[in-house]
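# here is a sequence together with a model predicted from it:
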Amino acid sequence: MSEASKQPTVEELLDRLSDITNRMEQEQLPLSEMMNLFKQGKTLEKQVKEMLDLTEKQIQMLSAEEGE
């Protein structure tokens, strides 16, 4: 798998989200840039949620298989 097509990990996404949050809290930014950062943050939040939901489903499937 090439580096360009590598999917970021949950931890990487959370780090990026944390960086955006810190930047928004600590810097005096124009409203347009704050809005752009907010949108980026919402996108990252959605990606993390999807990854966690998928992981939860995989765990449930594995747990169900063990119970058989």
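Nice, thanks for sending it over.

# ignoring the adjacent residues along the chain, who's closest to the most centrally placed residue in the chain?
Residue closest to the average C-alpha location in the chain (Cα atoms, centre = their mean): residue 48, at 3.2 Å. For residue 48, ignoring the flanking residues on the chain, the nearest one in space by Cβ to Cβ, 6 or more residues apart in numbering is residue 13 at 5.0 Å. (Each C-beta comes from the backbone N, C-alpha and C, glycine too.)

# now do the contacts for the one you found.
By Cβ atoms under 8 Å, 6 or more residues apart in numbering, the residues touching residue 13 are 44, 47, 48, 51.

# need the next SSE after the helix or strand where it lies, C-terminal direction.
Here residue 13 sits within helix 10-26, counting by DSSP states H and E. Downstream of helix 10-26, the next assigned helix or strand under DSSP H and E is helix 31-67.

# tell me where the model's unsure across the chain.
For the chain, the stretches flagged by pLDDT under 70 are 1-5, 68.

# hmm, back to that, list the buried residues in the helix holding residue 13.
Residues 13, 16, 17, 20 are the ones in helix 10-26 that count as buried (16 or more other Cβ atoms under 10 Å).
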